[in-house]
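Visitor: Predicted coordinates and the sequence they were generated for:
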Amino acid sequence: MKDVKKYIEANKDRFLEELFSLIRIPSISSESEHKGDMIRCAERWKELLLEAGADNAELMATKGNPAVYGYKNIDPAKPTVLVYGHYDVMPVAPLDEWNTEPFEPVVKDGYIWARGADDDKGQSFMQAKAFEMMVRTGQLPCNVKFLLEGEEEIGSVNLFDFLAEHKEMLQADIILVCDTSMIAQDTPSITSGLRGLGYWEVEVKGANRDLHSGIYGGAVANPINVLCKMIADLHDENGHITIPGFYDDVLVISDEERALMAQAPFDEERYKKDLDIKQVHGEKGYSTNERTGIRPCLDVCGIWGGYTGEGSKTVLPSVAHAKISTRLVANQDYDKINQLFINYFEKAAPDYVTVKVTPCHGAAPYVSPLEIAGYKAAEQAMTTTFGKRPIPTRSGGSIGIVTGFERILGIKSILMGFGLGSDAIHAPNENYPLFNFFTGIETIPYFYENFVRLMEEK
């Protein structure tokens with residue numbers, strides 16, 4: 001790939017101004033008063049894709065905010081890369097904690113400061129400018145499709161149906177996503193896996209009303225006591241989840257990949273100090289990074305019942321509630337885990353209470369195998385620009401639509417993000433280093449070049 005740096009240097013001021021034209025639009029998908037801004041931002045993306053060299057770009061209706069779809073066809077015999085990103089952003093509150101105006105981007109000390117600077121306007125825009133460079137210099141080696149959605153920050157609620165309705169239009173050989181982070185500027189990494197999610201609300205009921213704790217205490221079951229015991233029994237002394245069958249499908253990663261992941265720098269003392277904890281805790285036999293990346297977990301997210309107001313009220317509550325979530329790893333199926341959890345919790349309840357379990361939502365885990373052409377292409381691209389091989393990392397979080405891509409379209413995604421943990425995404429003072437922004441634009445064309453070569457070698 002020739003003259004990538006030269007093209008970036010000659011156009012970097014324009015790149016920033018075009019990015020800022022997107023950032024200045026407050027496209028907050030969770031706030032209905034910004035519905036018009038969502039349309040404006042989608043329209044601006046359409047203009048930018050056409051200016052970058054797309055054959056066509058258009059707004060396509062969903063049941064919510066429109067999706068922006070564009071494409072460039074150079075040869076039907078060549079591979080196709082589908083680029084995914086999102087143009088919606090998180091709310092900015094609390095506004096008084098911002099040091100700059102969130103939708104008036106500022107460049108200071110080598111960083112872009114604004115809502116969406118990283119997540120995901122900055123990272124999506126890198127893809128558009130890398131594409132532009134390849135088109136204008138005659139170096140685009142394959143067909144490209146763009147899909148930019150406006151509801152990622154609210155769960156991509158309507159994109160799943162959109163994928164199902166437009167399966168043929170969206171067919172590609174790989175999906176490239178720049179919406180994740182890497183370890184550090186001097187430690188490149190690629191997100192090779194995401195954990196899935198399961199979420200339930202449980203209710204434990206005892207008597208038909210709250211009771212006097214003196215008159216009835218010791219004779220009638222306390223639902224909060226029962227619920228606490230049931231929750232405590234979900235783990236054994238080694239941090240192992242006790243639900244029968246829970247681990248049956250967990251994919252055990254190879255020693256080789258585990259060793260690669262262990263290369264990621266991790267300072268346990270700094271980690272504990274940052275969280276103000278005395279010790280880390282989790283499943284026995286695994287490191288902290290492995291516990292959050294390659295192993296499932298089960299946690300209580302909230303618990304309530306009885307009297308919690310000021311002062312005292314001697315009451316034996318009639319009902320207790322909890323919200324419980326699990327993070328799933330490769331091979332675990334949400335529907336199966338959902339049923340296992342419901343069965344276990346209902347059977348674990350003693351006969352002096354009744355239990356109700358209500359599933360809330362879930363998402364499947366995702367893994368990008370290290371041996372596929374897409375991952376190798378990303379690995380080689382980052383090695384070229386960073387001068388060292390990127391470390392594969394497993395994220396503890398979830399991106400539901402990525403599993404939707406695999407389930408509905410049958411296409412693997414490569415999560416080659418350039419953000420940093422310090423970018424304050426979703427928080428006040430979101431920022432994005434100029435180094436990461438321009439290095440991302442430099443790296444992406446090498447991904448295309450490597451991917452096409454690897455696909456042709458197959």
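Guide: Here it is on my side, so go on. Numbers count the residues shown, from 1 in each chain.
Visitor: Neighbours of A264, how many?
Guide: For A264, the count of nearby residues is 16 (other Cβ atoms under 10 Å). For every residue, glycine as well, the C-beta is placed using N, CA and C.
Visitor: My guess is M230 contacts F345. True?
Guide: Yes: between M230 and F345 a contact is recorded at 6.8 Å, counting by Cβ atoms under 8 Å.
Visitor: in the stretch 101-250 of the chain, which spans are strands?
Guide: Secondary structure of the stretch 101-250 of the chain (DSSP state E, counting those that start in this stretch): strands located at 106-108, 111-113, 143-149, 174-177, 189-194, 196-205, 211-212.
Visitor: Out of those strands, flag the one nearest F447.
Guide: Nearest to F447 among the strands of the stretch 101-250 of the chain is strand 174-177; the distance by Cβ to Cβ comes to 6.7 Å.
Visitor: which residues touch the closest one?
Guide: 79, 81-85, 127, 373-374, 399, 402, 405, 409, 411-417, 444, 447, 451 (Cβ atoms under 8 Å, 6 or more residues apart in numbering).
Visitor: same check, this time on stretch 242-255
Guide: Stretch 242-255 has contacts (Cβ under 8 Å, 6+ apart) with 233-236, 241, 294-296, 298, 329-333, 336-337, 340-341, 344, 367.
Visitor: ok, now stretch 8-24?
Guide: The contact list for stretch 8-24 (Cβ under 8 Å, 6+ apart) reads 41, 44-45, 48, 87, 103-105, 107, 112, 114-117, 121-122, 125, 129, 133, 438, 441-442.
Visitor: change it to 7 Å
Guide: 41, 44, 48, 103-105, 114, 116-117, 121-122, 125, 129, 438, 441-442 (Cβ atoms under 7 Å, 6 or more residues apart in numbering).
Visitor: same question, stretch 222-237
Guide: 204-206, 241-243, 298, 300, 305-306, 316-320, 322, 345, 348-350, 353.
Visitor: For PyMOL, what selects the buried ones among those?
Guide: Restricted to buried positions by 16 or more other Cβ atoms under 10 Å, the PyMOL selection for these reads:
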select buried, resi 204+205+206+241+243+298+305+306+316+317+318+319+320+322+345+348+349+353
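Visitor: and the contacts of stretch 222-237, which of them are in strands?
Guide: 204-205, 298, 300, 305, 316, 319-320, 322 (DSSP state E).
Visitor: returning to what we had before: can you lay out the strands of the stretch 101-250 of the chain as CSV showing mean pLDDT?
Guide: Listed next are these as CSV, based on pLDDT from 0 to 100:
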stretch, mean pLDDT
strand 106-108, 98
strand 111-113, 98
strand 143-149, 98
strand 174-177, 98
strand 189-194, 95
strand 196-205, 95
strand 211-212, 96
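Visitor: Dump these into a markdown table; add distance to D249 as well.
Guide: Listed next are the strands of the stretch 101-250 of the chain as a markdown table, based on distance: least, Cβ to Cβ, whole Å:
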| stretch | distance to D249 |
| --- | --- |
| strand 106-108 | 48 |
| strand 111-113 | 42 |
| strand 143-149 | 30 |
| strand 174-177 | 24 |
| strand 189-194 | 15 |
| strand 196-205 | 11 |
| strand 211-212 | 44 |
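Visitor: Let me see the contact set for the one residue sitting closest to the centre of the chain.
Guide: By Cα atoms, centre = their mean, the mean C-alpha position of the chain lies nearest to I399, the distance being 3.6 Å. Residues near I399 by Cβ under 7 Å, 6+ apart: L194.
Visitor: From D335, how far out is it?
Guide: Note on I399: its distance to D335, by Cβ to Cβ, to the nearest Å, is 19 Å.
Visitor: again, but for G193
Guide: Taken as Cβ to Cβ, the span from G193 to D335 is 20 Å.
Visitor: Tell me which of these two has more neighbours.
Guide: More neighbours surround G193 than the other of G193 and D335, with 23 against 11 (other Cβ under 10 Å).
Visitor: So in terms of bridging, what pairs with that one?
Guide: V367, R394 (DSSP bridges).
Visitor: Please apply the same query to the one 5 residues further on.
Guide: Residues found in beta-bridge contact with G198 (criterion: DSSP bridges) are T326, G362.
Visitor: and if you look at the one 4 residues further on?
Guide: When bridges are taken as DSSP bridges, the partners of V202 come out as A322, V357.
Visitor: Pretty sure it sits against I324.
Guide: Yes: counting by Cβ atoms under 7 Å, I324 is a contact partner of V202 at 6.3 Å.
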